[in-house]
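[1] Sequence first, then the predicted structure:
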Amino acid sequence: MCGSADRSSSTTDQTFAAHDLARQKEATLTKYVRPSLAFPAGRTLVEYDRVHRSCYTDQTIFEEELKNIFYKTWIYAAHESQIPKPGDYVGFMLGRQSMLVVRGAQGEVNVLHNRCPHRGAVLCNERKGNTGGLFTCSYHAWQFGLDGKLAALPAPDGYKETRLCKGDPAADMKSAARVSSYRGFIFASLSETGPSLDRWLGNGRRAFDDMCDRAPDGDVEIVNSCFRIVQNNNWKIFLENQLDAVHASITHISAAKAATDTEKEIKEETGEDAPYFYKYISSLSTPLPRWATLETRAYPYGHCLLGGYLGLRPTDPDSVFYENIMREKYGAEKAEEILSRDVHHILIYPCLSVQPAFQQLRAIRPLGPDKTLTELWHFRLKGAPEPIYRRSLAYYNLINSPSTLVNADDLINFWRCQEGLMGEEASEWVSFHRNAGQDITSSEMTRSANGLSEMPMREMFRAWSEYMAEGAENVG
């Protein structure tokens, strides 16, 4: 298991801790009204309760997002269980960069650019595999070790007395500037500077703690296949929807009603309750006053949390058996603390949507201002009985898969938003006014006034503004 300390950081966490505190006191969007980010000509992009539509449609702004957000912060790469043996690799996209996560000869984790430094050819076309001890370029047979170092090349005499030779970093596969993991979840950054992964995650670590702690053996392993969906919308539209409590009982009402009707029919015909997984869909019909009782929280760097949804503590025989295993492993007090956690959804900005109680993770890979790749992964709790995994698999298929009505409902609305925002003569603004100025801010977090507040959207754009500020002069 790779440790949680990142391998390279030139800036101390103490400096970033002080910056976090100052930022929370000064720059909470619900507390100030000055523009956060503006075009050079003075045209406002982000205000405390609304944002300009070009944030979702403009190609230049998208390029700046890649430069100032995705290429500078921590981005989720893979889970360590995907690469158990030396030579195992998986590919992922970091902005426009094709990257490889590879298990090294001594068990270390390396993150490398998937590119031969000779002519730029992609080295691995497959999403996963085992390369043995070497990466070999199919074009000119340059070979590289599992650490990316040049191992051999044809006609080496031709490089004598040139500016390129073995041992020159320019002849190696380029490494990510920083690599770190937390609870087995691997992140990479292309920036040499910035907060450590632990500092950057902050309270967002709950996403991984909650998932892993629910495993009797204290760890999870990935199910090494995933759903991939190319959405016809901006990446921020997807993230904003994840903690939007208002949409659920409106957008998904037809699917929720169908599940509710089926539950009633099963009860009438058999006298027994329907299988628990129907609740995943029927609960989407929860009325707005009930959603309003929930709470969302926002943390530094744009991470957000939704708690209280779905009643995550069923009492069926499979759950009771699992809980008894947890008590045996952790002791009664610790097991109760873990099992009573009520976290439904955590966003790790800008790259992840995590549902720890259902062992689900969605990675966001922006492709353009109007196109986003999402990867949907799910995990097994090590030491948990098979029915607990099957429950996670049911949620994965019923809620998050490309074929479910629930996902289709969302995708069509995402597309409609994108299409509407492209209209040049339409309103220039996207509204985040609900409960603006009513949320509760402290030095550590912002709490929503109620579960219907658009606070998560405002706070994600606060973080977006701060990330983008460094390159603001080039946005226009």
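    Noted; the coordinates are in hand. Numbering: from 1, shown residues only.
[2] Which parts of the stretch 301-450 of the chain are helices?
    With DSSP state H, counting those that start in this stretch, the ranges of helices along the stretch 301-450 of the chain come out as 317-330, 332-339, 386-395, 405-422.
[3] Same list, those helices, but as JSON lines with mean pLDDT and distance to Val230 please.
    (Glycine included, C-beta is placed from N, CA and C.) Below are the helices of the stretch 301-450 of the chain laid out as JSON lines (pLDDT from 0 to 100; distance: least, C-beta to C-beta, whole Å):
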{"stretch": "helix 317-330", "mean pLDDT": "95", "distance to Val230": "36"}
{"stretch": "helix 332-339", "mean pLDDT": "96", "distance to Val230": "36"}
{"stretch": "helix 386-395", "mean pLDDT": "91", "distance to Val230": "22"}
{"stretch": "helix 405-422", "mean pLDDT": "94", "distance to Val230": "10"}
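[4] closest to Ala151 out of those?
    With C-beta to C-beta as the criterion, Ala151 lies closest to helix 386-395 of the helices of the stretch 301-450 of the chain, at 40.7 Å.
[5] Point out the other helices and strands that that closest one packs with.
    Applying 3 or more C-beta pairs under 8 Å, 6 or more residues apart in numbering; DSSP states H and E, one finds that helix 386-395 contacts helix 317-330, strand 371-381.
[6] Give me whichever of the ones you listed is most buried.
    Of all these, strand 371-381 has the most neighbours on average by mean count of other C-beta atoms under 10 Å, namely a mean of 20.
[7] on that earlier part again, quick one, which of the helices of the stretch 301-450 of the chain is nearest to Gln242?
    Closest among those, using C-beta to C-beta: helix 405-422, at 9.5 Å.
[8] Give me the distance between Tyr276 and Pro387.
    Look at Tyr276 and Pro387: by C-beta to C-beta, to the nearest Å, they are 10 Å apart.
[9] returning to that earlier point: distance to Thr131 added to the helices of the stretch 301-450 of the chain, as JSON lines?
    Listed next are these as JSON lines, based on distance: least, C-beta to C-beta, whole Å:
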{"stretch": "helix 317-330", "distance to Thr131": "37"}
{"stretch": "helix 332-339", "distance to Thr131": "38"}
{"stretch": "helix 386-395", "distance to Thr131": "30"}
{"stretch": "helix 405-422", "distance to Thr131": "34"}
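[10] Of the ones you listed, which is nearest Ala78?
    Per C-beta to C-beta, nearest to Ala78 of the helices of the stretch 301-450 of the chain: helix 386-395, 19.1 Å.
[11] for the protein, what helix or strand is lowest in average pLDDT?
    Ranked by mean pLDDT, DSSP states H and E, the weakest helix or strand in the chain is helix 13-26, scoring a mean of 49.
[12] picking up where we left off before, looking at the helices and strands packed on helix 386-395, which is closest to His79?
    His79 lies closest, by C-beta to C-beta, to one member of those: strand 371-381, at 7.5 Å.
[13] contact partners of the closest one?
    79, 93, 211, 214-217, 220-223, 226-235, 238, 358-367, 388-389, 392-393, 396, 400-401 (C-beta atoms under 8 Å, 6 or more residues apart in numbering).
[14] cool, stretch 273-292 as well?
    In contact with stretch 273-292 (C-beta under 8 Å, 6+ apart) are residues 245-246, 248-249, 252-253, 255-260, 262-263, 266-267, 309-310, 314, 316, 391, 394-395, 398-399, 406, 450-452.
[15] One more: stretch 216-229?
    Contact with stretch 216-229 is made by 1, 79, 81-82, 128, 183-184, 211-212, 325-326, 328-330, 359, 373-384, 396, 400-402, 407, 411, as judged by C-beta under 8 Å, 6+ apart.
[16] Check which residues of that stretch are buried.
    Buried residues in stretch 216-229, counted by 16 or more other C-beta atoms under 10 Å: 216, 219-223, 226-227, 229.
[17] Please apply the same query to stretch 122-141.
    The neighbour-count check on stretch 122-141 (16+ other C-beta under 10 Å) flags 123-124, 128, 131, 135-137 as buried.
[18] And the pLDDT for Ser225?
    Ser225 is assigned 86 on the pLDDT scale.
[19] Please tell me how far it sits from Phe92.
    Ser225 sits 14 Å away from Phe92, taking C-beta to C-beta as the criterion.
[20] Likewise for Leu347?
    Separation of Leu347 from Phe92 (C-beta to C-beta) stands at 19 Å.
[21] quick revisit: mark which of the contacts of stretch 273-292 are part of strands, please.
    Per DSSP state E, strands hold no members of these.
[22] out of those, which are buried?
    245, 248-249, 252, 255-256, 259-260, 263, 309-310, 391, 394-395, 398-399, 406, 450-452.
[23] Fine by me, we can end here.
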